[in-house]
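In: Predicted coordinates and the sequence they were generated for:
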Amino acid sequence: MAARPRHPSKEIEAAVRYAEAKGWLCMPARGHAWARLYCPHRERGGCVIGVWSTPRSREDHAKDLRRYIDRCPHVEKDAEV
């Protein structure tokens, strides 16, 4: 499997690595998004986040990504099974 490309922003790259450490999958996207993050649930109804290539504020987008990752309801449900 090929390594994924790095995000040009160090703040957003750190947030993507944070997601991957928690079991999220980073898949390249087409269009306006640089990639999409999929939660560990990976089924219909699982969480999906768009990672923008050039957000208005890199720091705010990275904070929003981390906040969304931390609030994913599927992490606790999958851990209990």
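Out: Now that the structure is in, tell me what you want to look at.
In: Do you have the helices of this protein handy? List them.
Out: For the chain, the helices defined by DSSP state H occupy 10-21, 58-70, 74-80.
In: Tabulate those in a markdown table, adding columns for mean pLDDT.
Out: Shown next, in a markdown table, are these (pLDDT from 0 to 100):
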| stretch | mean pLDDT |
| --- | --- |
| helix 10-21 | 96 |
| helix 58-70 | 96 |
| helix 74-80 | 57 |
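In: With distance to residue 27 as added columns, please give those helices in a markdown table.
Out: From N, CA and C alone the C-beta is placed, and that goes for glycine too. Formatted as a markdown table, those follow (distance: least, Cβ to Cβ, whole Å):
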| stretch | distance to residue 27 |
| --- | --- |
| helix 10-21 | 11 |
| helix 58-70 | 15 |
| helix 74-80 | 17 |
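In: which residue sits closest to the residue positioned nearest the centre of the chain, ignoring its sequence neighbours?
Out: Central residue of the chain (Cα atoms, centre = their mean): residue 37, 3.5 Å from the mean position. In space, and not counting its chain neighbours, residue 37 is closest to residue 49: 4.4 Å by Cβ to Cβ, 6 or more residues apart in numbering.
In: wait, what's in contact with the one you found?
Out: Contact analysis of residue 49 by Cβ atoms under 8 Å, 6 or more residues apart in numbering lists 19, 36, 37, 65, 68, 69.
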